[in-house]
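>>> Using only what follows, build the 3D model:
(one chain, ligands or ions: 1)
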Amino acid sequence: MRKILVLLVLSSLCVLVKAQDISYVREKAAMLSSADMKGRGYVGNGLAQAAAYIASSYKEAGLNPLGEGYFQPFTQQVNVFPGAVEVKVEDMVLMPGKDYLVDPASPSHQGLYRAKVYDGNNLRAIPNPMLFKEQCADCILVLDMNAVEEEDIKERARQIKEMFSSIVPVIWMSDEKLAWSVADEQRGFPVLEMNNGYIVDNAFIAMDIEADLRKDFLADNVIAKVEGTQYPDSFMVFTAHYDHLGMMGEEATFLGANDNASGVSVMLSLAKYYAENPQPCTMVFIAFAGEEAGLVGSKYFVDHPSIDLKAIRLLVNLDLMGSGVEGIMVVNGKENPKVMKILQKENDTQGYLPKVGQRSQSANSDHYYFAEAGVPAVFIYALGGSSAYHDIFDVYENLTFEEYPDIFRLLTHLSESY
Ligand SMILES: [Zn+2]
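Got it, this is the predicted structure:
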């Protein structure tokens, strides 16, 4: 009888712990995607603030650093927009992030131009760049891509854009969703990506753009561990990138709630759980920087590992974890059948998620360089929910964490039975 009572108390405690986790995940995601973190990028100390917050979360949850401290510093080259980003068409001031994006490789530039609009379906009408400039020194090339459907025409237009942007500014006008990114170089002149309907031939375009190519921007991977009780030299690793795109000027902030405050928060909840429930192996948690700039932080770790890569039993990278209402996708799942078998069997038995899908290896997140180095590594992202991506609409309010409890159970099951 007493045994049964003890078991009952224990199991209700477990339920309590797991039930609390969702508010923990929400709290972490809200903080990481708050305006204070400035899009966890390259303006206003946003990235460093996020790194400090993650380290203090590890500490609060009782995790130890892997080496001397929680931070693994590295430098990266990155083009940043710390000041003015202003574009006017005639008298209308456009909204940065909403009406247009500055191509991430754009340089600083001020100027007043006249629009020369060319139909994307008639690219042959465009003169060569030198002639274009000769004919009109204060003209800006506007590629009207709204009516273009064929992929090879788009490709040709992109080549023209690249060619022209070393000679004059270019505007790419289309009805495609705006999605920003990060560049580690500058082109000759700015390129603006714009949604349709703003520019007619001969319209006046004024721009004031401030960009700064930072040669050695300092970033940190943030790393912690829970020491294994039996096999401390064998590692199970969870990772998630905490960097996002930062700010495009002083107004447009890319808060990156789903990408990837969500994944970091799920990782932190796992860190907290394993600090309370140590495993036979050492559990390692890595929040990577530089992912959006081309997997720079995870590549740095693989090149300068603070644990023996060969001793990693499995690495699970989490990115875009805000929903899961349509299930999860496992990138590199095809190459890791054991992972798929464990996840799918448990999911089928428990009826957690509508789908546990798999894809082949792809260089689309921080698992990539580990897998290339021979580490069993998968990248899991959640399906369904908001379609905001790399835009100013990827905000905390869109995160439902609807399937978080089931995803959490699947992830702990995977790491404990792999
Ligand atoms: Zn991401």
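>>> where in this protein is pLDDT low?
1-20, 196-197 (pLDDT under 70).
>>> Please enumerate the helices of it.
2-32, 46-60, 129-135, 151-164, 262-276, 296-303, 337-350, 368-372, 404-417 (DSSP state H).
>>> okay, those helices, which one's buried deepest?
Ranked by mean neighbour count, the helices of the chain are led by helix 262-276 with a mean of 26 (mean count of other C-beta atoms under 10 Å). To be clear about C-beta, it is placed using only N, CA and C from the backbone, and glycine gets the same treatment.
>>> Next one: that helix, is it in contact with the ion?
No: counting by C-beta under 5 Å from the ion, the ion is not contacted by helix 262-276; separation bottoms out at 7.2 Å.
>>> Which strands and helices lie in contact with that helix?
helix 2-32, helix 46-60, strand 212-226, strand 231-241, strand 281-288, strand 312-318, helix 404-417 (3 or more C-beta pairs under 8 Å, 6 or more residues apart in numbering; DSSP states H and E).
>>> Any chance you could list what contacts the shortest one?
Read it as strand 312-318. Residues outside strand 312-318 that contact it (C-beta atoms under 8 Å, 6 or more residues apart in numbering): 234-240, 260, 263-264, 266-267, 281, 339, 365-367, 370, 375-381, 411, 414-415, 418.
>>> does residue 267 really touch residue 239, like I thought?
Yes: between residue 267 and residue 239 there is a contact at 7.1 Å, judged by C-beta atoms under 8 Å.
>>> got the residues of the stretch 1-150 of the chain near the ion?
So the stretch 1-150 of the chain never meets the ion (C-beta under 5 Å from the ion).
>>> The stretch 151-300 of the chain now?
259-260.
>>> Let's see that with 6 Å instead.
Proximity of the stretch 151-300 of the chain to the ion, by C-beta under 6 Å from the ion, involves residues 241, 259-260, 291.
>>> Let's see if you can find the most crowded of the residues you listed.
residue 260 (34 neighbours; other C-beta atoms under 10 Å).
>>> Tell me which residue of the stretch 301-418 of the chain lies closest to the ion.
Closest contact between the stretch 301-418 of the chain and the ion, by C-beta to the ion, is at residue 319 (4.2 Å).
>>> Next, the contact list for residue 242, please.
So residue 242 contacts 32, 40, 50-51, 54, 222, 260-261, 264, 287-289 (C-beta under 8 Å, 6+ apart).
>>> Nearest to the ion, out of these: which one, please.
Looking across these and measuring by C-beta to the ion, the closest to the ion is residue 260, at 4.3 Å.
>>> What's the separation between that closest one and residue 251?
23 Å (C-beta to C-beta, to the nearest Å).
>>> repeat for residue 377
Note on residue 377: its distance to residue 251, by C-beta to C-beta, is 38 Å.
>>> More neighbours: these two, which one.
Taking neighbours as other C-beta under 10 Å, residue 377 and residue 251 compare with residue 377 leading, 27 against 14.
>>> give me the beta-bridge partners of the more buried one?
residue 315 (DSSP bridges).
>>> picking that back up, count of neighbours near the residue of the stretch 301-418 of the chain closest to the ion?
25.
>>> Next, the contact list for it, please.
By C-beta under 8 Å, 6+ apart, the neighbours of residue 319 are 240-241, 259-260, 263, 291, 365-366, 379-381.
>>> again, only using 6 Å
260, 263, 365, 381 (C-beta atoms under 6 Å, 6 or more residues apart in numbering).
>>> can you pull the contacts of the first one?
Looking back up the chat, that one is residue 260. Contacts of residue 260 (C-beta under 6 Å, 6+ apart): 240-241, 319.
>>> Same check on residue 194?
With C-beta under 6 Å, 6+ apart, residue 194 has these contacts: 100, 171, 173.
>>> ok, and the most crowded of those residues?
residue 171 (26 neighbours).
>>> Quick check: bridge partners of that residue?
Beta-bridge partners, per DSSP bridges, of residue 171: residue 142, residue 192.
>>> show me the contacts for it.
Applying C-beta under 6 Å, 6+ apart, we find residue 171 in contact with 142, 192, 194.
>>> Might one say that residue 107 is in contact with residue 189?
No: using C-beta atoms under 6 Å as the test, residue 107 is too far from residue 189 to be in contact (7.0 Å).
>>> who has more neighbours, those two?
Between residue 107 and residue 189, residue 189 has the larger neighbour count (other C-beta under 10 Å), namely 20 against 17.
>>> From residue 266, how far out is residue 260?
With C-beta to C-beta as the criterion, residue 260 and residue 266 are 10 Å apart.
>>> ok, now which ones touch the closest residue to residue 256 other than its chain neighbours?
In this structure, residue 256 finds its nearest non-sequential neighbour in residue 244, 2.9 Å apart by C-beta to C-beta, 6 or more residues apart in numbering. Shown in contact with residue 244 (C-beta under 6 Å, 6+ apart): 39-41, 254, 256.
>>> Perfect, I'm done here.
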